[in-house]
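Trainee: sequence and predicted structure below; questions after.
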Amino acid sequence: MCWICLPGALIAKDNVELGNEAFGRGDYSKAVEYYRLAIDSEATFSAQVNLGHGYMQLDRWDDAAAAYEEAIRTEQEAVTAEIWRSLGRARFEGRRYKQAIDAFLKASSLVPIDDQDNIWIARCMIELEQWIQAESVLLGQLRHEPGNPDTLELLAYVFNQQGNWSGIIGVYRELLRITPQRTAYRIALAKALTVQGEKQRAIDMLEFARRVDVSASEDIDRLLADLYLAEQMPQEAAGCYARLVTMLESPSSEDRYRLGLAYFQARDLASAEDAFIRMQQASPANLKAELYLGHVIAEAGRLAEALVHYIAAVEKNPTSAEGFVALADLQMKIKHHADAAENLARAIARGDNRPQVHYNHIVALMNGENDTKVKAALKAALAKHPSDQQLSRLLDRYIKEAVPESDI
């Protein structure tokens, strides 16, 4: 910002100069005081503009805009593009985006070759969620100034809001062409490729980024691991999560959970059990730690031990249906059908209305030979899932084996 000094009353001139000196040494509050004194004596154009500059430094956006607006009213012919631009910035920061656009357009009309005005206009349109208009301004700016990273980044954001993933991919490829060392661009491109279903290309890009930029390895490893899991490559995912957990000073429960899950899917039960034990130690109240310890241990054939973990999971979060389902599934395996039926009923009461849960509940009840409960469970299940073939076959089986047709 540049200060403006024009002839005026002696006291006004002195106060403006004192304000300029305070501004120059960074004492913006004192500068504003001097500019206000100058304006009280004589409201000159220069004092109003400098007052606006002072308010801008103090983040007093509405006051700054009012000062610039008063300066423009005071002496229209002296207004420069920079003053209009300052007014636009004050209005933008004050969230008066439509008025800010008007100011930036006036600045652009005085200095048409200044590219920053179009960037600010696009930013205003983004805040107003005028995506098509913002895209048009940014594309026009790129025709005038190809390859500008700021413009391209804004355009990528606009494309993201529009769900234009092919556009995002094109923008980040261009950004990487301009600045190939920017890992953030490579990560953003990998995310866009993932959304478009090009997961293997995204993996290749992230593996390259991990090798050339160790400083960003946390973000890269987390994204890579998720991609490997999506591509059914759990061993590779486990490697990424293991690196992540090792490098973090305090790994989150979610990081430990994903590491254990990757090992579990890779059938590395010993490593999975170790990961979930560490998760349990770090977060004793966490339901997932108990639940997946139960899954891993049950898979290893230690059913009695797994039962203990499932019971602990239910006790830690009795409002969650997930623990009751896991406990009931194991009880079905060990033929504790009455207990399984009770726990599946609890899971259904807590909102798990999947057809398979209803099916298992009915099967457990049928093994208990309680016709009244079986019929009630069948009716409730078919009311929720009238077209489910597995439930329909179970109904047919019950009719055939248990009761006369007229009783249903």
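Mentor: Cool, got the structure.
Trainee: now do P251, the pLDDT please.
Mentor: We have a pLDDT of 89 for P251.
Trainee: apart from its neighbours in sequence, what residue is nearest it?
Mentor: Of all residues not flanking P251 in the chain, V245 sits nearest, at 4.5 Å (C-beta to C-beta, 6 or more residues apart in numbering). (Glycine included, C-beta is placed from N, CA and C.)
Trainee: now do I311
Mentor: L327 (6.5 Å).
Trainee: flag every buried residue along the host helix or strand of the one you found.
Mentor: For L327, the element it lies in under DSSP states H and E is helix 321-333. Buried positions in helix 321-333, judged by neighbour count with 16 or more other C-beta atoms under 10 Å: 321-332.
Trainee: the strands in the stretch 151-300 of the chain, which residues?
Mentor: Here the stretch 151-300 of the chain has no strands by DSSP state E, counting those that start in this stretch.
Trainee: show me where it has its helices.
Mentor: Listed in chain order, the helices of the stretch 151-300 of the chain (DSSP state H, counting those that start in this stretch) span 165-178, 183-195, 199-212, 217-230, 234-247, 253-265, 269-282, 287-299.
Trainee: reformat those as CSV; add mean neighbour count and distance to E145.
Mentor: Shown next, in CSV, are those (neighbours: other C-beta atoms under 10 Å; distance: least, C-beta to C-beta, whole Å):
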stretch, mean neighbour count, distance to E145
helix 165-178, 18, 12
helix 183-195, 21, 19
helix 199-212, 18, 27
helix 217-230, 20, 30
helix 234-247, 20, 39
helix 253-265, 22, 42
helix 269-282, 19, 51
helix 287-299, 23, 51
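Trainee: got JSON lines for those helices, with distance to G368 too?
Mentor: Shown next, in JSON lines, are the helices of the stretch 151-300 of the chain (distance: least, C-beta to C-beta, whole Å):
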{"stretch": "helix 165-178", "distance to G368": "53"}
{"stretch": "helix 183-195", "distance to G368": "48"}
{"stretch": "helix 199-212", "distance to G368": "47"}
{"stretch": "helix 217-230", "distance to G368": "39"}
{"stretch": "helix 234-247", "distance to G368": "38"}
{"stretch": "helix 253-265", "distance to G368": "32"}
{"stretch": "helix 269-282", "distance to G368": "33"}
{"stretch": "helix 287-299", "distance to G368": "23"}
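Trainee: out of the ones you listed, which is closest to E77?
Mentor: helix 165-178 (41.6 Å; C-beta to C-beta).
Trainee: name the residues that touch that closest one?
Mentor: 147, 149, 152-153, 155-156, 159-160, 182, 185-186, 188-189, 192-193, 195-196 (C-beta atoms under 8 Å, 6 or more residues apart in numbering).
Trainee: low-confidence ranges in the stretch 301-408 of the chain?
Mentor: Flagging of the stretch 301-408 of the chain using pLDDT under 70 yields the residue ranges 369, 402-408.
Trainee: show me the contacts for the residue nearest to P251.
Mentor: Per C-beta under 8 Å, 6+ apart, neighbours of V245: 251, 255-256, 259.
Trainee: cool, L261 as well?
Mentor: By C-beta under 8 Å, 6+ apart, the contact set of L261 is 229, 272, 292.
Trainee: so A326 makes contact with Y310?
Mentor: Yes - using C-beta atoms under 8 Å, A326 makes contact with Y310 at a distance of 5.1 Å.
Trainee: give the residues shared as contacts by these two.
Mentor: 291, 294.
Trainee: could I get the contacts of L261 as JSON lines with distance to G170 and pLDDT?
Mentor: Output for the contacts of L261, formatted as JSON lines (distance: C-beta to C-beta, whole Å; pLDDT from 0 to 100):
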{"residue": "L229", "distance to G170": "28", "pLDDT": "87"}
{"residue": "A272", "distance to G170": "41", "pLDDT": "96"}
{"residue": "Y292", "distance to G170": "41", "pLDDT": "96"}
